[in-house]
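J.: sequence and predicted model, in that order:
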Amino acid sequence: MSASDAIFDRALDVITITSVFCFAATFYIIIKHSPKYMASLSRPLLNIFAWNSLVNGLFLVARPLPMMPLTCFKLTGVLSMLVKSEDLGHLVVMMTFLATLNVAIGLVISFSFRYMAITGCRLLQARRIWLFLYAAVPHSVFSAGYLWSYSMWAISMDEYRGVIPQSLRENLFCFSSEAPRSFICTLYLFVVIALVVGALVILVGLSFYELHKNEKIISERTAKMQRKLLWNLIVLSGIPICLGGTPFMTFAVFFFQNEWPYGQVIGAICLVMMTLFGPVMCVACLLFFENYRKALIGIFLKKCTHVVTVTQVVSIAKLTSQPTR
């Protein structure tokens, strides 16, 4: 293993192991400490974190290292030592971008739920099966489009246009570098990201409009609470957009312009950043929302109390040695 491969693996070791604790704490606190008025927010958040944790959990055992100037990846991690298969590598990359896509879809769903909560939409009082279908349909539709586009992009090493040295073939898996197969999948993801950003802007604008329109109807306390929840969600959504969307677009450019200098290093950094936004989003979620912050502080205080609790012990010998009157 080269020095750059080792640095890539160690960085992902730290991030993925840390993310296990971050996701575990976040899932526990959201499930156990979400008040009823936050139900329309907590469930979409759980959906986002579930997709996010899928990638970080996968990266615990298998990581795709970009191999520019080849339009290929090398699978590293524990699983790559046990299974030698191109299909496994393609599965890892496919699941990585599938989860990223569904995190973006989950953001739109969370803002649509927040908008419905502000407007008092009756759908939020519907049976859970309808709420499940409301979220499952867009996830399924966009995922199906992505899986089709990915199948057009992935190829075997024997189909690769260039010559791959035998010394590099171990744990390698490749993608087409010829149009149109080379850009269908990435173009699809770019279009989805653009649609997501557009939908978020529209939903945020409509939400603030409804809050402003209802200021004279609802109490000042309710309006303030709704506005605070909305702003927290906006800031929280900026994390995957900045640490997920931006590195992905940068990676896509360097992967297709695979002859550019430092492409492999920049591509590896982008992949590391894409796994980093999960733990950062967990920490931000627990700190931004007051109920979750109080629950987190309560857990730490409880632990500290157990550590510093002192029980006074009185010696029996001391008691018996006291003179009786």
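T.: Looks like it came in fine. Numbering: from 1, shown residues only.

J.: could you use CA atoms for every contact and neighbour count after this?
T.: Noted.

J.: buried sites along stretch 182-196?
T.: 182-186, 188-190, 192-193, 196 (16 or more other C-alpha atoms under 10 Å).

J.: flag the shaky bits of the stretch 201-325 of the chain, pLDDT-wise.
T.: 218, 303-325 (pLDDT under 70).

J.: apply 90 and report the result again.
T.: The model of the stretch 201-325 of the chain has pLDDT under 90 over residues 206-249, 251-265, 267, 272-278, 288-293, 295-325.

J.: return the residues in contact with M67.
T.: Counting by C-alpha atoms under 8 Å, 6 or more residues apart in numbering, M67 touches 73-74, 264.

J.: apply 10 Å and report the result again.
T.: 73-74, 168, 172-174, 255, 258, 263-265, 267-268 (C-alpha atoms under 10 Å, 6 or more residues apart in numbering).

J.: which parts of the stretch 51-200 of the chain are strands?
T.: Using DSSP state E, counting those that start in this stretch, the strands found in the stretch 51-200 of the chain span residues 63-66, 72-76, 154-155, 172-175.

J.: the first one packs against which elements?
T.: It refers to strand 63-66. helix 3-33, strand 72-76, helix 78-82, helix 86-119, strand 172-175, helix 263-288 (3 or more C-alpha pairs under 10 Å, 6 or more residues apart in numbering; DSSP states H and E).

J.: mind putting the ones you listed into JSON lines with distance to G244?
T.: Formatted as JSON lines, the helices and strands packed on strand 63-66 follow (distance: least, C-alpha to C-alpha, whole Å):
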{"stretch": "helix 3-33", "distance to G244": "15"}
{"stretch": "strand 72-76", "distance to G244": "19"}
{"stretch": "helix 78-82", "distance to G244": "25"}
{"stretch": "helix 86-119", "distance to G244": "7"}
{"stretch": "strand 172-175", "distance to G244": "22"}
{"stretch": "helix 263-288", "distance to G244": "5"}
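
J.: for V204, which non-adjacent residue is closest in space?
T.: Spatial nearest neighbour of V204, chain neighbours left out: F111 (7.3 Å); criterion: C-alpha to C-alpha, 6 or more residues apart in numbering.

J.: need the pLDDT of the one you found.
T.: F111 is assigned a predicted lDDT (pLDDT) of 89.

J.: do N47 as well
T.: pLDDT, read off for N47, is 93.

J.: ditto for V137
T.: 94.

J.: and what of I118?
T.: 80.

J.: wait, which of the buried residues of stretch 182-196 is closest to W130?
T.: V196 (22.2 Å; C-alpha to C-alpha).

J.: contacts only, for that closest one.
T.: Contacts of V196 (C-alpha under 10 Å, 6+ apart): 101, 104-109, 190, 202.

J.: how much space between it and K228?
T.: 22 Å (C-alpha to C-alpha, to the nearest Å).

J.: kindly report the same for A39.
T.: Distance from A39 to K228, by C-alpha to C-alpha: 15 Å.

J.: comparing the two, which residue is more hemmed in?
T.: A39 (17 against 14; other C-alpha atoms under 10 Å).

J.: and that one, that's in a strand?
T.: No: read with DSSP: H, G, I helix; E, B strand; the rest coil, A39 is helix and lies in no strand.

J.: state the distance from it to W153.
T.: Using C-alpha to C-alpha, A39 is found at 40 Å from W153.

J.: please tell me how far the spatially most central residue of the chain sits from A268.
T.: Ranked by distance to the mean C-alpha position of the chain (C-alpha atoms, centre = their mean), the top residue is N52 at 2.9 Å. As defined by C-alpha to C-alpha, N52 lies at a distance of 19 Å from A268.

J.: do A39 as well
T.: 38 Å.

J.: wait, A25 touches R293, no?
T.: No: with contact defined as C-alpha atoms under 10 Å, A25 does not reach R293; the gap is 11.6 Å.

J.: ok, for I15, nearest residue in space, not its chain neighbours?
T.: Nearest residue to I15 in three dimensions, chain neighbours excluded: L276, at 6.4 Å (C-alpha to C-alpha, 6+ apart).

J.: give me the buried subset of the contacts of M67.
T.: If we count by 16+ other C-alpha under 10 Å, the contacts of M67 have these buried: 73-74, 172-174, 255, 258, 263-265, 267-268.

J.: using a markdown table, lay out these together with distance to F248.
T.: Below are the buried ones among the contacts of M67 laid out as a markdown table (distance: C-alpha to C-alpha, whole Å):
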| residue | distance to F248 |
| --- | --- |
| F73 | 15 |
| K74 | 18 |
| L172 | 21 |
| F173 | 19 |
| C174 | 18 |
| F255 | 10 |
| N258 | 15 |
| G263 | 13 |
| Q264 | 14 |
| V265 | 14 |
| G267 | 9 |
| A268 | 11 |
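
J.: just give me the neighbour total for I269.
T.: Neighbour tally, I269, other C-alpha under 10 Å: 16.

J.: my read is that it contacts D5, right?
T.: No: contact criterion C-alpha under 10 Å: I269 and D5 do not qualify, at 11.6 Å.
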